[in-house]
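Trainee: Please find the sequence and the predicted model below.
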Amino acid sequence: MIADILTDGSPYSEEMNPHEDEDLAAYVRRVRTEKELSTQQVEDRSGGKISRGYISQIEGRHSINPTPQKLLALAAGLGIPSAPLFELVRTKRGGVADNFRNSKLYLLYERAKNSNPQTRRFIEQQVEMLLAWLDSKEREQAEVQKDPKSARP
């Protein structure tokens, strides 16, 4: 059960609970915004146990499975109980979704993380190349939407 008083001394309210459609990223951003905290302030309030850059990675969904230590630090920095953060990760609303776990991308991730540094770097280069290609396709699509005459056959 969540305490009646948050760790920053403010009263607990049901609004501090994650909303049904929120993942970890959305929840952290909402709480931080509602408390009018910058990522630097969250870092400072955590005692430097989580960096503002890592907080941004969580909010940007670039870090999807933070360690328990990082979740505790994040909770301290936000001044909230840690239970909602752990629950979001545990239920995969803030972690790797089941449909992703069954994908080829996840298989690549699993194999890459256990590879030697040279192989990991090669995989990262290939992924960067694919992301650049996707970016160019998205730009082309955006141009076509602006000016349908610019479409390539």
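Mentor: Cool, got the structure. Numbers count the residues shown, from 1 in each chain.
Trainee: tell me, what residue is most central in this protein?
Mentor: Residue closest to the average C-alpha location in the chain (CA atoms, centre = their mean): residue 61, at 2.5 Å.
Trainee: Is it correct that that residue is in contact with residue 25?
Mentor: Yes - Residue 61 is within contact range of residue 25, at 4.7 Å (criterion: CB atoms under 8 Å). In this view, the C-beta of every residue, glycine as well, is placed from N, C-alpha and C.
Trainee: Tell me which other helices or strands the helix of greatest length in the chain touches.
Mentor: Using DSSP state H to assign secondary structure, the helix with the most residues in the chain is helix 117-146. Identification of packing neighbours for helix 117-146 by 3 or more CB pairs under 8 Å, 6 or more residues apart in numbering; DSSP states H and E yields helix 104-113.
Trainee: show me what contacts residue 133?
Mentor: Not one residue lies near residue 133 by CB atoms under 8 Å, 6 or more residues apart in numbering.
Trainee: And it, how far from residue 145?
Mentor: Distance from residue 133 to residue 145, counting by CB to CB, to the nearest Å: 19 Å.
Trainee: neighbours of the residue nearest to residue 40 when sequence neighbours are not counted, just the number please.
Mentor: Spatial nearest neighbour of residue 40, excluding adjacent residues (CB to CB, 6 or more residues apart in numbering): residue 52 at 5.0 Å. Residue 52 has 16 neighbours, counted by other CB atoms under 10 Å.
Trainee: ok, residue 52 touching residue 46?
Mentor: No - under the criterion of CB under 8 Å, residue 52 makes no contact with residue 46, lying 9.8 Å away.
Trainee: Could you list which residues are in contact with residue 125?
Mentor: Taking CB under 8 Å, 6+ apart, we find residue 125 in contact with no residue.
Trainee: measure it to residue 64 for me?
Mentor: Noted for residue 125: a distance of 22 Å to residue 64, by CB to CB.
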